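S.K.: Quick one: sequence and predicted model below, then my questions.
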Amino acid sequence: MTALRTLTSVLAAAAAAAALVGAPVHAADADRGGPGHHAKTLRHAAPPGFVIGSAVAGGGHHVDQPYPDPFPNDRVYRHLLGKEFSSLSPENQMKWEFIHPEHDRYRFGPADDIVRFARQHHQVVRGHTLLWHNQNPAWLTEGDFTAAELRGILRDHIATVVGRYRGRIDQWDVANEVFDDSGRLRTTDNLWLRELGPGIIADAFRWAHRADPHAQLFFNDYGVEGVNAKSDAYLALISDLLDEGVPVDGFSVQGHLSTRYGFPDDLATNLQRFADLGLQTAVTEVDVRMDLPDGAEPTPAQLAQQADYYQRMLEGCLAVDTCRSFTVWGFTDKYSWVPVFFPDEGAATIMTEDFERKPAYYALRSTLADAT
Ligand code: XIL
């Protein structure tokens, strides 16, 4: 790239960033309307300071997703996203392969749109994600970089992406899924851990903190809702990092559940032990899938069990003081990732493909309204 083109793209990026400027929205200000019991939406039912979020589907392109980008195009979707929720998480739009598709090129447009939409609708944003073993671009995973170069690439990426949204991201999932199910660090399939060693995790948190000192910085994972080998491993790692003064602010559980398996009853107990370390906690990606072989429709019994799982997840979070953020991984089956990734399972969200509210929606709303 010539110096002039570099300068032009830097100026264009600065102008786009300037368009985002404005006072940040914090969780406490994300407006609710009120009074809980007569509330017509989830966000209006929520108690003060508690945010209820959704992932925002789409993000430009993804081979696994057989639908056009719904966020800019679907009016009903946009309307409900603004009306029902007080927190947004980009489902893919801030992941490496989307936001940093080539070594010398970032694509900020889709993420900028979400952050702007959130401002307009008085919503907070959860940034997702900076250090992960999945959805990394080929130029990175197949590139021939030295350890020093890779370290520089991660540092620049974090400074650039976190810096761009400085002051407008409430919580960042800095490290996603760094442990496997037995509680071992993913030193083989995670590029960063494999090439740079586990110390890179602390660096990622330090770099993110430098780029946005007010964002709360999280570890995020699935299969850590209850007390088990994996959540034990997080507790030990985070305790060590805190002792070393690394800026870790939170631990979050994704909450991708299936009615095939029992409900993780010790959710609140588990979250509380992280709260006891002085951490924020959050539930970040809830969906509850069910068996639907051969295109079957959900039965009333399946929908009731699903509603029960959603409700107990929310109750677990509400039971812990530092759990102030509860996010569903999409709110309509129309754009859910579940049928694509889990064959013969589906209907995992709180609204049907036609945006009809399911029992799970009403269970969440009344649970929020009952909370104080
Ligand atoms: C999923 C998205 O929903 C899909 O659209 C994408 O194709 C793959 O990733 N844990 C996470 C999320 O942290 O980023 C994943 O999102 C779901 C599992």
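M.R.: Received, thanks.

S.K.: The residue in the chain positioned nearest to the ligand and P293: what is the separation?
M.R.: Ranked by Cβ to the nearest ligand atom, the top residue of the chain for proximity to the ligand is W337, at 3.5 Å. Yep, even glycine has a C-beta here, placed from its N, CA and C like the rest. From W337 across to P293, the span is 19 Å (Cβ to Cβ, to the nearest Å).

S.K.: which of the two has more neighbours?
M.R.: W337 (22 against 8; other Cβ atoms under 10 Å).

S.K.: you'd agree the more buried one is up against N92?
M.R.: No. With contacts counted by Cβ atoms under 8 Å, W337 stays clear of N92, the gap being 9.2 Å.

S.K.: Compute the number of surrounding residues for E297.
M.R.: E297: 10 neighbours (other Cβ under 10 Å).

S.K.: so when I look at it, I'm seeing a helix, right?
M.R.: No. Judged by DSSP: H, G, I helix; E, B strand; the rest coil, E297 forms no part of a helix; its state is coil.

S.K.: Dig out what E102 forms beta bridges with.
M.R.: Here E102 sits in beta bridges with R105, going by DSSP bridges.

S.K.: re earlier: if I look at the residue of the chain closest to the ligand, what pLDDT would I see?
M.R.: pLDDT for W337: 92.

S.K.: any idea how far it lies from L292?
M.R.: 15 Å.

S.K.: Ok, S239 next?
M.R.: 42 Å.

S.K.: Of those two, give the one with the bigger neighbour count.
M.R.: In terms of neighbours (other Cβ under 10 Å), L292 is the more surrounded of S239 and L292; the figures are 19 against 13.

S.K.: Could you check how far the closest residue to that one other than its chain neighbours is from D74?
M.R.: Ranked by Cβ to Cβ, 6 or more residues apart in numbering and with sequence neighbours excluded, the top spatial neighbour of L292 is G346, at 4.8 Å. From G346 across to D74, the span is 19 Å (Cβ to Cβ).

S.K.: go on, L154?
M.R.: The spacing between L154 and D74, counted by Cβ to Cβ, is 35 Å.

S.K.: Same question for L196.
M.R.: Applying Cβ to Cβ to L196 and D74 gives a distance of 40 Å.
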